[in-house]
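Asks: Quick one, fold the following:
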Amino acid sequence: MEWVDQVETDPVKALESFVLGWFPAEEAEPVEIDDLPEALAAFHRLARLRPAIHRFHDPVLEKPRRSSGPFGDRLVFAFWDGAGMDWSLSWPPEPGDTDPRVWLTEDPDTDEAQAILEEEPLSRFLLQFTLNEAMIAAPYNAWTFCMPLADLDGLWGMLRPVPLSPFLPTYSAERFFVAPGLLAQVSTGGSEAVVSFGALHRETLTPLLAHGFRWSRFDA
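Replies: Okay, the predicted model is just below:
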């Protein structure tokens, strides 16, 4: 979990360390990298070593596409499969802007399109995005039903928070936590919470049974 120490000082390096440790090595065809912001170019270089990150349910596009519309010229680099949303950068970038802001656009191909500025700049957003997709793609999952927030008290001693703002704050506003071989997302609202876990190995989930949560899915 040492990569968590790098999130605030070098999020690109933190992403690299997490991906290399979580996803298996594979053979991969080289992908041509055009003139992209460094964090996005680093993501694509990393995909040469761990091509699983180009097979996410919600993909980061191997070839980002140019787009124009009511919100100006954009470079669309990822989309939310089946949800009618994409993520983009203003394009071309402002001179000297090495870590641009990210826009989430709802219904981008309709007259009702709405653009929301993400809380995190590109380098940290790509880490958020990758953690979320790693949860979805994890070999083993466990999901709780909604429960009182106080029921999570026994978890905090085993989980380390990832210092990022909540992911998709307009929707689930999930915060990320980690433990050895384990990812967790916690979504809270008022005094209630829902927790999701993703693990590389089935036995990593087994100790969670001791907390007595009600599970909507439990793969162990």
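
Asks: From the centroid of the protein, which residue is nearest?
Replies: Geometric centre of the chain, nearest residue: residue 129, 2.0 Å, by CA atoms, centre = their mean.

Asks: Look up the closest residue to it, ignoring the ones flanking it.
Replies: In space, and not counting its chain neighbours, residue 129 is closest to residue 78: 6.7 Å by CB to CB, 6 or more residues apart in numbering. From N, CA and C alone the C-beta is placed, and that goes for glycine too.

Asks: Residue ranges in the chain under the pLDDT threshold?
Replies: By pLDDT under 70, the low-scoring segments of the chain are 70, 82-83.

Asks: For the lengthiest helix in the chain, which residues meet the burial criterion?
Replies: Longest helix in the chain by number of residues (criterion: DSSP state H): helix 122-137. Across helix 122-137, burial judged by 16 or more other CB atoms under 10 Å covers 122-135, 137.

Asks: Closest to residue 2 out of those?
Replies: Nearest to residue 2 among these: residue 127, at 14.4 Å, using CB to CB.

Asks: mind listing what that closest one touches?
Replies: 7, 11, 14, 15, 18, 162, 164 (CB atoms under 8 Å, 6 or more residues apart in numbering).

Asks: can you pull out the helices in the chain?
Replies: So, for the chain - with DSSP H - the helices run 11-22, 38-49, 122-137, 202-205.

Asks: The third one to helix 38-49, inter-axis angle?
Replies: An angle of 40 degrees separates the directions of helix 122-137 and helix 38-49 when computed by axes from the mean of the first three to the mean of the last three CA atoms, to 10 degrees.
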